[in-house]
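Enquirer: coords please:
(one chain, ligands or ions: 1)
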Amino acid sequence: MPQIRLRKALLDDVPVLDNLIAASARGLSAGFYAPEQVELALTGAFGVDRDLIRDQTYLVAEQDGRPVACGGWSRRRVLFGSDAGGPCRSGGDLTPGRDPAYIRALFVHPDVARRGIGRAIMAVSEAEARLNGFLALELMATLPGVPLYDALGYSPVERHTHPFPQGGSIDFVRMRKDLAG
Ligand SMILES: CC(C)(COP(=O)(O)OP(=O)(O)OC[C@H]1O[C@@H](n2cnc3c(N)ncnc32)[C@H](O)[C@@H]1OP(=O)(O)O)[C@@H](O)C(=O)NCCC(=O)NCCS
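Expert: Coordinates of the predicted model:
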């Protein structure tokens, strides 16, 4: 059985994570998004946000030393998007106890999908957010991501249509989970 190890992402990981995220989105979005939507999403809506790496809230899952998944949480008021062009990138910080923390940029390589790695990254992210005083979590789910978050107790808040600057759009679902109680 291959060993999975979770660790904090490093800025040096970014080129490898860029490739991993592209492989994940291209390989696991079939039936949910058209290939053109995935390619446009990879120019800004999907990707690495280096702020999370600097904050040490972004995780990499390695299988036998090879990065196979990434994802994390954030105290920053940016709900989704890479630092290459995501939306609303200057919102300040979320307040523990009052605001939800955000789950961000969870991507699993198709070779290792459905083996519990997404669930494991979520468990660590939720635990760290809770340790930092957050009582709820929100995220902008891709349509292929919804079954995972549903299984983990997240509820849909609203459907969101994200317009691409180049034209066209992609649908997401904003979801929330309360940690208190
Ligand atoms: C969504 C994603 C992160 C799930 O990661 P994963 O490691 O395959 O998920 P897990 O194996 O931890 O699944 C945990 C549970 O979630 C649910 N689930 C996950 N993927 C599912 C799928 N494709 N269909 C139905 N249920 C699914 C199941 O309940 C599963 O438990 P089970 O396997 O015991 O039935 C992965 O499919 C992915 O990277 N997708 C492409 C990128 C993306 O859209 N990311 C979400 C960004 S918001």
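Enquirer: which element, helix or strand, includes the residue nearest the centre of the chain?
Expert: The chain has residue 105 as the residue nearest its centroid, 2.0 Å off, counting by C-alpha atoms, centre = their mean. Assigned by DSSP states H and E, residue 105 belongs to strand 101-108.
Enquirer: what is the neighbour count of the nearest residue to residue 52 once chain neighbours are set aside?
Expert: Nearest non-adjacent residue to residue 52, counting by C-beta to C-beta, 6 or more residues apart in numbering: residue 58, 3.9 Å away. Where you see a C-beta, it was placed from the backbone N, CA and C, and this is true even at glycine. For residue 58, the tally of surrounding residues (other C-beta atoms under 10 Å) stands at 26.
Enquirer: likewise the one 10 residues further on?
Expert: By the criterion of other C-beta under 10 Å, residue 68 has 23 neighbours.
Enquirer: neighbours of the residue in the chain positioned nearest to the ligand, how many?
Expert: Residue nearest to the ligand within the chain (C-beta to the nearest ligand atom): residue 118, separated by 2.6 Å. Close neighbours of residue 118, defined as other C-beta under 10 Å, add up to 22.
Enquirer: quick one: contacts for it?
Expert: Neighbour list for residue 118: 69, 71, 106, 108, 148 [criterion: C-beta atoms under 8 Å, 6 or more residues apart in numbering].
Enquirer: same question for residue 129.
Expert: 73, 101, 137, 179 are the contacts of residue 129 under C-beta under 8 Å, 6+ apart.
Enquirer: what does this structure have sitting close to the ligand?
Expert: Residues of the chain that fall close to the ligand, judged by C-beta under 6 Å from any ligand atom: 24-25, 28, 106-108, 113-119, 141-142, 144-145, 147-148, 151.
Enquirer: switch the cut-off to 5 Å
Expert: Residues of the chain found near the ligand (C-beta under 5 Å from any ligand atom) are 24, 28, 106-108, 113-114, 116-119, 141-142, 144-145, 147-148, 151.
Enquirer: out of these, which sit inside strands?
Expert: 106-108, 141-142 (DSSP state E).
Enquirer: turn those residues into a markdown table, including distance to residue 38 and neighbour count.
Expert: Below are those laid out as a markdown table (distance: C-beta to C-beta, whole Å; neighbours: other C-beta atoms under 10 Å):
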| residue | distance to residue 38 | neighbour count |
| --- | --- | --- |
| 106 | 16 | 24 |
| 107 | 12 | 23 |
| 108 | 15 | 27 |
| 141 | 15 | 23 |
| 142 | 10 | 25 |
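Enquirer: farthest-separated two in those?
Expert: Greatest spacing in those, by C-beta to C-beta: 108 and 141 (14.0 Å).
Enquirer: ok, residue 153 - how many residues close by?
Expert: For residue 153, using other C-beta under 10 Å, the count is 13.
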